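Novice: model this:
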Amino acid sequence: MIKRTHTCGELRESHISQTVALSGWVNAYRGYGGLTFIDIRDRYGLTQLVFDKEDCSAELMELASRLRNEDVIAVRGVVRLRAGAPNPKLPTGQVEVVVRELELINKTDNPPFLPDDGPAAENLANEELRLKHRYIDLRRPRMQHILGIRHKVYQTTRRYFDENGFLEVETPILYKSTPEGAREFVVPCRNVPGSFYALPQSPQLFKQILMISGCDRYMQICRCFRDEDPRNDRQAEFTQIDLEMAFVQREDIMSMMEGFIRRLWKDIANTDIPPITRIGYREAMERYGIDRPDTRYGLEITDISEIARKTDFRVFQDALAQHPDARPYFSKKGVVKAIRVPGGAEKLTRKITDGYSEFVKTFGAGGVPTVKVVSGGAGASPAGLAFETGIAKFLEPVKAELVAALGLEPGDTVLFAADTYAVATKALGELRQKVARDIGLLPKPGCEGGPWNFLWVVDFPMFERNKDSGKWVALHHPFTAPREDQQDAFVAADLSSDDETIESIVSAGYDIVLNGQEIAGGSVRIHNRDVQAKVFQLLGMTPEQAREKFSFLLEALSYGAPPHAGIAFGLDRLIMNFVGAESIRDVIAFPKTMIGQDLMTRAPSGVTEAQLKELHLVSTAAPQG
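Specialist: Residues are numbered from 1 along each chain as shown. Now for the predicted structure:
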């Protein structure tokens, strides 16, 4: 067997006249009379091979003529300057290898598609076919690049946290079922009939136990499992960079993680990240309608409720009549909010804005009233502006106030939402993102290299009401502590009647948002057993249920627990940003489909009756697919 001496992306002009050996896959075949050209590919790159009948035996030329794409070969030959024009698109484009020996290692069957990225994504085979034959899809240069970036992120992560005194500790995969928010995957235990393990949604409880155990600083690149419906940026099985620190306050861990962000972006993207801006949850919701705002563009939301009260537009008045005495951020308070869209009069057609009304209905809103801003005309405002179309006639009495409040200019469109605070905020927060895409404010999909708009979001409410059950739920998770200045108020609150205090409690949680996507989330943890028990009580757990689910944590907290805090980065989402991927499936070597299937291995699949019997289970339905 010919043993390679160089990779297919390594050869340069400095290698001219050297005898080299290469191994890889046939990427392309071209025959021109007495010349045969083969492009050989491995994960490092591509090199052009030349078979010349003037220099090669008839047997070698015949063997070369039978090569086809994806055959596995090894060659030995001499490097020379390209006889034809160099290929500036390839690092190896100045040279070629004149082949003296050829070994056909493995002849391929006709592949279902070729691992060629092509000039555009639409030239790729459909995703279902690529996932079924993932071993071919992973040969694509882009996929090899993504795997390489992922590897580099792993190495930078381990180096940074090792330099800062963190210990990498593995936590169990077979775990106890605990309510942490998402549906769990469960695994039957053969040795204890009727009992089950759960796959961990995160190592949350174990990393807290490690802090109580004296570990002090913990790090793990870990697998997590949540039985949720997949999205483009979410899989049921995913990877976290999981971290915890003891004897720290919020500022300590935020500073440590900001340093990690700077190191990671410098190593991977060669970009210097400035200090990361902070924004409170309430401000984020008021300005952007979402707790993970994309700050690459404006389109900020303005509350115009007091101005809207002066109109006789019934939609506004009906909304404002809802819970008028509630606090400004109370979810059921009636509000009117607006977004100014610069240049929207030209960019947003009637058809588009009608579509926006249908869009916001999915978030509970009734529609999107609109108006266009033009110059001059009868009844113009002191700024020389007038309103046209939509609800223009209802806004005449407040024209000047709206122009000032929204900073309106000729050619703008204004989009309104009138409903409860919760509905109007959610609807405009989602609509804001859609408008940005529609009028071209975002980089083209797949754009690699930024811009990188980071944001710390802090001061989240600790609890919120579940809109369906009406019960209190933890906004982050039930192990998040109140912010330090809020703890006394929480401890003193009467859980049976003091709803106003409970709603106002601010947690010591924090998220890192990048370009509108949450890439990390964490909090200061509860290290007091009584506070933790009170949180469980508020969330509807009896003392018996709390002991059943979390006895080991409650016991551990009673034996000298230090103050501690942590965070977890979604590693897959980090990679998506670095490589400009639109789908998380592109950055995971062996992902699942949108319905949780592995098309290559055909998982999930049925099991035999014997296996079920051994696990003390009975099948009640035939497996699907």
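Novice: and the helices in the stretch 351-500 of the chain, which stretches?
Specialist: In the stretch 351-500 of the chain, the helices defined using DSSP state H, counting those that start in this stretch lie at 399-406, 421-438, 487-492, 499-504.
Novice: include mean neighbour count and mean pLDDT when you put these into JSON lines, please.
Specialist: Every residue, glycine included, has its C-beta placed from N, CA and C. Output for the helices of the stretch 351-500 of the chain, formatted as JSON lines (neighbours: other Cβ atoms under 10 Å; pLDDT from 0 to 100):
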{"stretch": "helix 399-406", "mean neighbour count": "18", "mean pLDDT": "94"}
{"stretch": "helix 421-438", "mean neighbour count": "21", "mean pLDDT": "95"}
{"stretch": "helix 487-492", "mean neighbour count": "14", "mean pLDDT": "87"}
{"stretch": "helix 499-504", "mean neighbour count": "16", "mean pLDDT": "85"}
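Novice: beyond the longest helix along the chain, next helix or strand please.
Specialist: In the chain, assigned by DSSP state H, the helix with the most residues is helix 141-163. Using DSSP states H and E, the helix or strand that directly follows helix 141-163 along the chain is strand 167-168.
Novice: what lies in contact with that following strand?
Specialist: R158, F161, D162, C215, D216, R217, Y218, M219, Q220, I221 (Cβ atoms under 8 Å, 6 or more residues apart in numbering).
Novice: now that strand: how far from the chain's centre is it?
Specialist: Distance of strand 167-168 from its chain centroid, counting by Cα atoms, centre = their mean, to the nearest Å, is 25 Å.
Novice: narrow the contacts of strand 167-168 to those in helices?
Specialist: Checked against DSSP H, the contacts of strand 167-168 include these in helices: R158, F161, D162.
Novice: for those residues, which PyMOL command selects only the ones that are buried?
Specialist: Selection of the buried residues among the ones in helices among the contacts of strand 167-168 in PyMOL, burial being defined by 16 or more other Cβ atoms under 10 Å:
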select buried, resi 161
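Novice: which single one of the ones in helices among the contacts of strand 167-168 is nearest to I16?
Specialist: Distance ranking of the ones in helices among the contacts of strand 167-168 against I16, using Cβ to Cβ, places R158 first at 39.5 Å.
Novice: so the nearest residue to that closest one once chain neighbours are set aside bridges to which residues?
Specialist: Using Cβ to Cβ, 6 or more residues apart in numbering and skipping the chain neighbours, the partner closest in space to R158 is E168 (7.0 Å). When bridges are called by DSSP bridges, E168 pairs up with M219.
Novice: check V371 too.
Specialist: Here V371, judged by DSSP bridges, has bridge partners V414.
Novice: what is the burial count for N126?
Specialist: The number of residues packed near N126 is 9, by other Cβ atoms under 10 Å.
Novice: do the same with I304
Specialist: 22.
Novice: which residues are in contact with it?
Specialist: Here I304 is in contact with V336, K337, A338, L402, A405, L406, F416 (criterion: Cβ under 8 Å, 6+ apart).
Novice: what's the answer for V97, then?
Specialist: By Cβ under 8 Å, 6+ apart, the residues touching V97 are L11, V20, L22, T47, Q48, L49, V50, V75, G77, V78, V79, R80.
Novice: apart from its chain neighbours, what residue comes closest to E237?
Specialist: Closest to E237 by Cβ to Cβ, 6+ apart is F225, at 5.6 Å.
Novice: quick check: that neighbour vs E184, distance?
Specialist: Computed with Cβ to Cβ, to the nearest Å, the distance linking F225 and E184 is 7 Å.
Novice: again with V98
Specialist: For V98, the distance to E184 - Cβ to Cβ - is 60 Å.
Novice: more crowded one of the two?
Specialist: Taking V98 and E184 together and counting by other Cβ under 10 Å, E184 has the greater number of neighbours (20 against 16).
Novice: let me know the secondary structure of that one.
Specialist: coil (DSSP: H, G, I helix; E, B strand; the rest coil).
Novice: what segments of the stretch 151-300 of the chain are strands?
Specialist: Along the stretch 151-300 of the chain, the stretches classed as strands by DSSP state E, counting those that start in this stretch are 167-168, 186-188, 196-198, 217-225, 237-246, 277-280.
Novice: point out where the stretch 451-600 of the chain drops to low pLDDT.
Specialist: Of all residues in the stretch 451-600 of the chain, none has pLDDT under 70.
Novice: check the chain for its longest strand and report it.
Specialist: strand 19-32 (DSSP state E).
Novice: returning to what we had before: please convert the strands of the stretch 151-300 of the chain to JSON lines, extending it with distance to P88 and mean neighbour count.
Specialist: What follows is the strands of the stretch 151-300 of the chain, written out as JSON lines (distance: least, Cβ to Cβ, whole Å; neighbours: other Cβ atoms under 10 Å):
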{"stretch": "strand 167-168", "distance to P88": "43", "mean neighbour count": "13"}
{"stretch": "strand 186-188", "distance to P88": "54", "mean neighbour count": "15"}
{"stretch": "strand 196-198", "distance to P88": "55", "mean neighbour count": "17"}
{"stretch": "strand 217-225", "distance to P88": "38", "mean neighbour count": "20"}
{"stretch": "strand 237-246", "distance to P88": "37", "mean neighbour count": "23"}
{"stretch": "strand 277-280", "distance to P88": "41", "mean neighbour count": "14"}
